[in-house]
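> give me the fold of what follows.
(chains A and B)
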Protein chains: 2
Amino acid sequence: MAPDTGAVRRPAPHVHPRPDLPAAVRVYEVGPRDGLQAEATVVPTPVKAEFCRRLAAAGVPALELTSFVSPRWIPQLSDAEQLLAVLDLPSDIRRVVLAPNRRGLDRALAAGAAELAVFVSATETFADKNLHTTIDGALESARPVVRGAGAQGLATRGYISMCFGDPWEGAVDTSAVADIAERLLDMGVASISLGDTIGVATPGHVLDLLEALFDRGIRPEITAMHFHDTYGQALANVYAALSAGITEFDSAAGGLGRCPYAAGATGNLATEDLVWMLHGLGIATGIDLDTLTATSRWMSTVIGRPSPSRVVRALTASTS
Amino acid sequence: MAPDTGAVRRPAPHVHPRPDLPAAVRVYEVGPRDGLQAEATVVPTPVKAEFCRRLAAAGVPALELTSFVSPRWIPQLSDAEQLLAVLDLPSDIRRVVLAPNRRGLDRALAAGAAELAVFVSATETFADKNLHTTIDGALESARPVVRGAGAQGLATRGYISMCFGDPWEGAVDTSAVADIAERLLDMGVASISLGDTIGVATPGHVLDLLEALFDRGIRPEITAMHFHDTYGQALANVYAALSAGITEFDSAAGGLGRCPYAAGATGNLATEDLVWMLHGLGIATGIDLDTLTATSRWMSTVIGRPSPSRVVRALTASTS
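Down below sits the predicted model:
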């Protein structure tokens, strides 16, 4: 090909599929809930609604909207009812809300929630310090949510935090995580999401944990992975998980959110970085990367700090 | 295990080896040359020497020290002779210097270089814009360096830039890269390093390129990969390359360097992020992550900007 000595091209991933990887992946966008929850700037409800609308317009197939947690615990999400009241998202988008307990469930159902999520811990110390209970206590708080949602015909997603390492306990046993996953599934959750809350996982650890789950008969189709990019490992971990057949990944547009255990460190995997890799691998996501990146650039101005997403930074540089 | 409710532990990768991956990897540290070359702050020679000494003390097995390029092209590296004169590194560390042409070779040999590197382009546009020649012209400039080094019993490493995408031409054919790799090896280079200069590669592209090289009989043992983290893909690409048997990776301590084609974007893969993943996979590097991270923190103060390395940021946060 004769060289084009004119303008620089807009960068885009070149598509090189692998036959051994899934053909499509569901990106489960956690920016409005997990991302904003960790941001200090309180975002007004109409701005949150606009954020959700823009994410939907970018083609995000699943969206975690907010949490019906006590407003005293997370003031940022104290407008959960108001947000659901003003949102008018297409019905083909999964719209999930977190409910930590029966009180949260009641509020979520009254607000018209379409799908629920519950939250437990893989370690006793995190259960104590973050959820102010025990592993068993967190599971017992989740049980009425799962049952109550089921009684209304609604599915519940079960998060497990600290699946790889814990700031106090260090490495977490894969069998301990598998135990909790089984208990959540026995309780009736439709799917589980394995959280690397402090971002310490590496690809071999991911494969070992998934093997421990698969050995218990837990199928990849109901297993999502939630990686944090604190040590830059998130995408390598996604690639390893793809090779094990995982097809749902949690991420936050623009890498919204922080790491609560290391000030200044990165938190959630950025959806843009995830989508860049998936599209390069020829894996369909339904997401338009330019629309998503524009949304994250706008959100950066709202919260007043630049996106830590490598893709958002590079594409912003190349268009400015 | 009873929870430790005391102090937060120092984060470290938990070791989960994979039987299908190499047992050891050589990290080829490019911070002093490729990293500093892209930094605006001119670093005094004694500080560069101290940087190299600290990298050696951290256990880095291969170090690209500087470039004998025209001082008019890269003022930052105009002290190549002076740097080599004051350096006193252990002889078991590979100490490599770049020499773009015969003039550079003469200077490098006079300065007592131990190993050489040459630099060619996979695309005509980059050869024109960056090297002010053609692909053939760059190869012909490299030839006397490889021959002259060989005559002195010294090995030469052959870099190929823009192996995945080019800012002007877009995607680069894997066969075009394989052609150039063959020509470099025919010329007598001991090894090649495949550069993703603008960071657009994804893991499937990496595997396709390596397959194209292996099909020509080019062995993984003489093939290194040089990834940039511009779109956050570098570590996922390393993981894919490991699965293809690659055992040498280029990186820069602290992610030193920038992306010359996207202001504000990330350039070189950070050595710390690479080492975190390798150690998590049980792959030996000989590098002490804490010593290396301390070196990058110090270098950040020298050049006056924070490290883009996720690991450096997270470990700095956890120790401050």
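> avg pLDDT for stretch A:127-143?
Averaging pLDDT along stretch A:127-143 yields 96.
> okay, it in CSV with CA atoms only?
Presented in CSV, the C-alpha positions along stretch A:127-143 are these (Å, rounded to 0.1, in the frame of the first residue of the first chain):
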residue,chain,number,x,y,z
ALA,A,127,-17.1,-8.3,56.1
ASP,A,128,-16.3,-6.7,59.5
LYS,A,129,-14.7,-3.5,58.3
ASN,A,130,-16.9,-2.7,55.3
LEU,A,131,-20.2,-4.4,55.9
HIS,A,132,-20.1,-4.3,59.7
THR,A,133,-21.0,-8.0,59.9
THR,A,134,-19.5,-11.5,59.3
ILE,A,135,-19.4,-13.6,56.1
ASP,A,136,-22.5,-15.5,57.4
GLY,A,137,-24.2,-12.2,58.4
ALA,A,138,-23.7,-10.7,54.9
LEU,A,139,-25.2,-13.9,53.4
GLU,A,140,-28.1,-13.7,55.8
SER,A,141,-28.7,-10.1,54.9
ALA,A,142,-28.7,-11.0,51.2
ARG,A,143,-31.2,-13.9,51.5
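> so which other helices or strands are in contact with the helix or strand containing A:V275?
Assigned by DSSP states H and E, A:V275 belongs to helix A:271-280. Packed against helix A:271-280 by the contact rule (3 or more CB pairs under 8 Å, 6 or more residues apart in numbering or on different chains; DSSP states H and E) you find strand A:26-29, helix A:234-243, strand A:248-251, helix A:289-303, helix A:310-319, helix B:203-215. Every C-beta, even on glycine, is put in place using the N, C-alpha and C of the backbone.
> what about the ones you listed, which gets the closest to B:E64?
helix B:203-215 (21.6 Å; CB to CB).
> got the CA positions of the closest one in PDB?
This file holds the C-alpha atoms of helix B:203-215, laid out as PDB (Å, rounded to 0.1, in the frame of the first residue of the first chain):
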ATOM      1  CA  PRO B 203      -3.600 -10.000  22.000                       C
ATOM      2  CA  GLY B 204      -5.000 -11.700  18.800                       C
ATOM      3  CA  HIS B 205      -2.800  -9.400  16.700                       C
ATOM      4  CA  VAL B 206       0.200 -10.300  18.800                       C
ATOM      5  CA  LEU B 207      -0.400 -14.000  18.300                       C
ATOM      6  CA  ASP B 208      -1.000 -13.500  14.500                       C
ATOM      7  CA  LEU B 209       2.300 -11.600  14.200                       C
ATOM      8  CA  LEU B 210       4.200 -14.200  16.100                       C
ATOM      9  CA  GLU B 211       2.700 -17.000  14.100                       C
ATOM     10  CA  ALA B 212       3.800 -15.100  10.900                       C
ATOM     11  CA  LEU B 213       7.400 -15.000  12.200                       C
ATOM     12  CA  PHE B 214       7.500 -18.600  13.500                       C
ATOM     13  CA  ASP B 215       6.200 -19.700  10.000                       C
END
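> by how many degrees do that helix and helix A:234-243 diverge?
80 degrees (axes from the mean of the first three to the mean of the last three CA atoms, to 10 degrees).
> what's the mean pLDDT across helix B:203-215?
The pLDDT scores in helix B:203-215 average 98.
> how far does it sit from its chain's centre?
Distance, stretch centre to chain centre, for helix B:203-215: 19 Å (CA atoms, centre = their mean, to the nearest Å).
> give me the contact list for that helix.
Outside helix B:203-215, the residues that touch it by CB atoms under 8 Å, 6 or more residues apart in numbering or on different chains are A:14-18, A:21, A:239, A:277, A:280-282, B:163-164, B:174-175, B:177-178, B:181, B:194, B:220, B:223, B:225, B:233, B:236-237, B:239-241, B:243-244, B:246.
> ok, of those, which come out buried?
Buried by 16 or more other CB atoms under 10 Å in any protein chain shown: A:14, A:16, A:18, A:21, A:239, A:277, A:280-282, B:163-164, B:174, B:177-178, B:181, B:194, B:220, B:223, B:225, B:233, B:236-237, B:239-241, B:243-244, B:246, out of the contacts of helix B:203-215.
> show me which positions of the one helix or strand in chain A whose mean pLDDT sits lowest end up buried.
Least confident helix or strand, chain A: helix A:310-319 with a mean of 85, by mean pLDDT, DSSP states H and E. Residues A:310-318 are the ones in helix A:310-319 that count as buried (16+ other CB under 10 Å).
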